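Colleague: below is the sequence, then the predicted model.
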2 protein chains.
Amino acid sequence: MSGFPYMNRQYLFDKYPNAVVTSDCFKLQDEVITQIDDGEILVRNHYLSLDPYMRGRMSKAKNYAAAQELNTVMQGGTVGEVVESKHPGFRAGETVLCTGGWQLYFRASPSTENNHIRKIDVSRIPMSVYLGAAGMPGITAWYGLNKILNPKPGETLVVSAASGAVGSVVGQLAKQKGCRVIGIAGGPEKCDYVVEILGFDDCIDYKAYPDTETLSHELKQLAPNGIDAYYENVGGYIMDAVLENLNPFARVAICGLIAGYDGRSIPINNPRAILVSRASITGFIVSDHLDIWPQALAELAEAVANGVLIFKESVSIGLESAPEAFLGLLQGHNFGKQLVKLV
Amino acid sequence: MSGFPYMNRQYLFDKYPNAVVTSDCFKLQDEVITQIDDGEILVRNHYLSLDPYMRGRMSKAKNYAAAQELNTVMQGGTVGEVVESKHPGFRAGETVLCTGGWQLYFRASPSTENNHIRKIDVSRIPMSVYLGAAGMPGITAWYGLNKILNPKPGETLVVSAASGAVGSVVGQLAKQKGCRVIGIAGGPEKCDYVVEILGFDDCIDYKAYPDTETLSHELKQLAPNGIDAYYENVGGYIMDAVLENLNPFARVAICGLIAGYDGRSIPINNPRAILVSRASITGFIVSDHLDIWPQALAELAEAVANGVLIFKESVSIGLESAPEAFLGLLQGHNFGKQLVKLV
């Protein structure tokens, strides 16, 4: 029984941002989907994930991912329901995780496209979690923590953007490993959440320490024995301040540098700290490491289901809210994993 | 048969440099050595090694090595001859490598002090080489290349300060591993030496490319397939330019950042390149890795003896020439391993 036609609505990438992303970088478009071909499925997207990496793609500059082309549907991870299927591996009613984009419906060819359509089990956790703590952000946290930082019990770990989708998982997993964990986040509300709800040992409100010197001093107070591992989501002076407090043989995982995403290039002002501490700084992208996804996903989903991995979502309602929500994400206005509810 | 008394002459560390080191940071002092105690030896230093790391110690700032204290003899590696011994393990006439300092004679307690007195075999290579290609600089090259960069045949490796004591060994060992090797050095004379004598594939005169943009462009010409490994001795805009040309999963070993040693802090202006390339940047100090010294020393001394590892020395004559030679080293005026001949 078919429900055609479907009224799709989607955001195209319309204009390169000058520096700061503005809502006129995106253009709304409607289309009618009247059928699908053999081998295809049609997914009704329920949630769209908004992530900082999207900013990197909206640029002609060299990047780790393929650039977002002008006049194409904005890419993005989604969870949704299969509403039509002409593919033997999928049935209407199944829930899937896919890169369904900024749109209401996603027409896909599971066998021929590299769009990572995975069936997900929503019997124990809500589908939206597969875009957050048990999805790409959670796996990003898991990889950087376990494969790069690899902290030992008793070591001190610092994570920036600590209340965010990635940072919140990093800190919770590090606490479970027996580390002393210090978060860095923006504003007292986020810091309270990080300590009271997520269980970090401390959290520094960077807005109260607006330069390298004051932030470095505060880190010294909270980590008097130095910092052994740093999970970086932000960059800028926050990174400078952490580098000044590294212990010998410290590890730094660079997951993101959101402070510089709007075109400004923010330097590391004291590279000598890398030498003095004999530190290792490693940039990584979780999509390079698809081999670890099954293990990481299983562990994270289990932890969420058991209530030992806490997450928070910031949900904006309706496709039309996506541009503003994305702009807010880049400014740190979200609190927890930023989603757009499409249904 | 004893030769007492010995007329020693030595340089004390007299004054912290403001920014650039000046010769009045050092003070000459004479002393008479009339005897040694049981368990001690007296070494006549033949060659003193001058190395960039010494600049780092002449500071109150956090460093990887113990700071040089004011009013103490300037530390430094030396090779020399045992002239007196009241230690059962040493005899007059033996040649040793030690940290004998900026002085003519070094009075040492081999069993109780941690001053790494090693007997050296001077039957096949000159003793001075144990301060260069078959000494700490050579081992520094060996460690960073083999244990951090670990390049594969066919990969492209770049090394800065390519004609220096460390860089020259890095490039020659990398060529032996089948890499394409590009040096960076200051001036056409050094670049010619690096290509014609040492056998690197190319060498860029950074003085002809005085900013990130022009140097980056030149690197792109010489490494059209990108850079897989970078051995960093210098820092500053040279590092920025290399970072812009890194391949995915490139490795960077930070051995030194001499461009910033006179107190200026020179930033890394494009840390985003670390993320885009998923690169690893590792600072290291060879003295952390004493376990690899025997293997590295044996390989390097053998290669020098067999003529497959070429080295160059810049020798200034007489203890009194040490301050000026050291100032020149920090400015890149030396050409090859900087030594002071004391005998």
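Modeller: Sure thing, it's come through. Only a predicted model underlies this, so the values are computations on that prediction, with no experimental measurement involved.
Colleague: CA atoms for contacts and neighbours, from now on please.
Modeller: Will do.
Colleague: what residues does the stretch 151-300 of chain A have near chain B?
Modeller: A:254-257, A:265-272, A:274-285 (C-alpha under 8 Å from any C-alpha of the partner chain).
Colleague: how far does the helix or strand harbouring A:Glu302 sit from the chain's center?
Modeller: Under the criterion DSSP states H and E, the helix or strand holding A:Glu302 is helix A:293-305. In terms of C-alpha atoms, centre = their mean, to the nearest Å, the centre of helix A:293-305 is found 16 Å from the chain centre.
Colleague: buried set for it?
Modeller: For helix A:293-305, a neighbour-count test (16 or more other C-alpha atoms under 10 Å in any protein chain shown) marks A:293, A:296-297, A:300-305 as buried.
Colleague: so which of those residues is the closest to chain B?
Modeller: Ranked by distance to chain B (C-alpha to the nearest C-alpha), the buried residues of helix A:293-305 are led by A:Trp293 at 18.1 Å.
Colleague: and that closest one, what pLDDT?
Modeller: What the model reports as pLDDT for A:Trp293 is 90.
Colleague: list the contacts of the nearest residue to it once chain neighbours are set aside.
Modeller: Excluding the flanking residues, the one nearest A:Trp293 by C-alpha to C-alpha, 6 or more residues apart in numbering or on different chains is A:Ile139, at 6.8 Å. By C-alpha atoms under 8 Å, 6 or more residues apart in numbering or on different chains, the residues touching A:Ile139 are A:133, A:286, A:293, A:296-297, A:300.
Colleague: what sits up against the host helix or strand of A:Ala253?
Modeller: Using DSSP H and E, A:Ala253 maps to strand A:246-254. Contacts made with strand A:246-254 from outside it, assessed by C-alpha under 8 Å, 6+ apart, are listed as A:144-145, A:148-149, A:225-233, A:273, A:276-284, B:274-275.
Colleague: quick one: the residue nearest to A:Gln75 when sequence neighbours are not counted and chain B, what's the gap?
Modeller: Distances taken as C-alpha to C-alpha, 6+ apart put A:Gly101 closest to A:Gln75, at 4.3 Å, once the chain neighbours are dropped. Using C-alpha to the nearest C-alpha, to the nearest Å, A:Gly101 is found at 23 Å from chain B.
Colleague: A:Ala66 too?
Modeller: 11 Å.
Colleague: tell me the centre residue of chain A?
Modeller: A:Pro137 (4.0 Å; C-alpha atoms, centre = their mean).
Colleague: OK, contacts around that residue?
Modeller: A:131, A:165-166.
Colleague: which helix or strand lies directly C-terminal to the helix holding A:Glu302?
Modeller: That would be, after helix A:293-305 and using DSSP H and E, strand A:313-317.
Colleague: give the pairing partners of that next one; include direction for each.
Modeller: strand A:337-341 (parallel) (DSSP bridges).
Colleague: surely A:Glu313 and A:Gln338 touch.
Modeller: Yes: using C-alpha atoms under 8 Å, A:Glu313 is in contact with A:Gln338, at 6.1 Å.
Colleague: surely the residue nearest to the centre of chain A is in a helix?
Modeller: Yes: counting by DSSP: H, G, I helix; E, B strand; the rest coil, A:Pro137 is found in a helix.
Colleague: how much space between it and chain B?
Modeller: Distance of A:Pro137 to chain B, given as C-alpha to the nearest C-alpha: 16 Å.
Colleague: hmm, back to that, out of the residues of the stretch 151-300 of chain A next to chain B, which are buried?
Modeller: Applying 16+ other C-alpha under 10 Å to these flags A:254-257, A:266-272, A:274-285 as buried.
Colleague: okay, and which of those residues map to helices?
Modeller: Among these, DSSP state H puts A:272, A:274-276 in helices.
Colleague: what would these look like in TSV with pLDDT?
Modeller: What follows is these, written out as TSV (pLDDT from 0 to 100):
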residue	pLDDT
A:Arg272	91
A:Ile274	94
A:Leu275	92
A:Val276	91
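Colleague: can you pull out the helices in the stretch 1-150 of chain A?
Modeller: A:53-57, A:136-143 (DSSP state H, counting those that start in this stretch).
Colleague: could you give the mean pLDDT of the last one?
Modeller: Mean pLDDT, taken over the full extent of helix A:136-143, equals 97.
Colleague: measure how far that helix is from the centre of its chain, please.
Modeller: Counting by C-alpha atoms, centre = their mean, helix A:136-143 comes out at 8 Å from the chain centroid.
Colleague: now the shortest one
Modeller: For helix A:53-57, the gap between its own C-alpha mean and the chain's C-alpha mean amounts to 11 Å (C-alpha atoms, centre = their mean).
Colleague: pretty sure A:Tyr193 contacts A:Ser163?
Modeller: Yes: using C-alpha under 8 Å, A:Tyr193 is in contact with A:Ser163, at 7.4 Å.
Colleague: the more surrounded of these two?
Modeller: Neighbour tally, A:Tyr193 and A:Ser163, criterion other C-alpha atoms under 10 Å in any protein chain shown: the higher count belongs to A:Ser163, 31 against 19.
Colleague: okay, now the unreliable bits of the stretch 101-250 of chain A?
Modeller: A:113-115 (pLDDT under 70).
Colleague: and with 90 instead?
Modeller: A:111-116, A:118 (pLDDT under 90).
Colleague: now do A:Phe311 against B:Glu84, distance only.
Modeller: Note on A:Phe311: its distance to B:Glu84, by C-alpha to C-alpha, to the nearest Å, is 72 Å.
Colleague: make a markdown table from the ones in helices among the buried ones among the residues of the stretch 151-300 of chain A next to chain B and add distance to A:Glu213 to it.
Modeller: Listed next are these as a markdown table, based on distance: C-alpha to C-alpha, whole Å:
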| residue | distance to A:Glu213 |
| --- | --- |
| A:Arg272 | 16 |
| A:Ile274 | 18 |
| A:Leu275 | 20 |
| A:Val276 | 18 |
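Colleague: nearest to A:Val21, of those?
Modeller: A:Ile274 (32.6 Å; C-alpha to C-alpha).
Colleague: residues in contact with that closest one?
Modeller: Going by C-alpha under 8 Å, 6+ apart, the list of residues near A:Ile274 reads A:243, A:280, B:254, B:282-283.
Colleague: kindly report the same for A:Lys27.
Modeller: A:11-14.
Colleague: ok, A:Phe13 next?
Modeller: A:25-27, A:68-74.
Colleague: got a quick PyMOL command for the buried subset of those?
Modeller: Typed into PyMOL, the next command selects the buried ones out of those (criterion: 16+ other C-alpha under 10 Å):
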select buried, chain A and resi 25+26+27+68+69+70+73+74
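Colleague: the contacts of A:Phe13 in strands, which ones?
Modeller: Secondary structure from DSSP state E places A:26-27 of these in strands.
Colleague: now the contacts of A:Phe13 as a markdown table including distance to A:Thr112?
Modeller: Below are these laid out as a markdown table (distance: C-alpha to C-alpha, whole Å):
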| residue | distance to A:Thr112 |
| --- | --- |
| A:Cys25 | 30 |
| A:Phe26 | 28 |
| A:Lys27 | 28 |
| A:Gln68 | 20 |
| A:Glu69 | 21 |
| A:Leu70 | 23 |
| A:Asn71 | 23 |
| A:Thr72 | 19 |
| A:Val73 | 19 |
| A:Met74 | 20 |
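Colleague: all good on my end, thank you.
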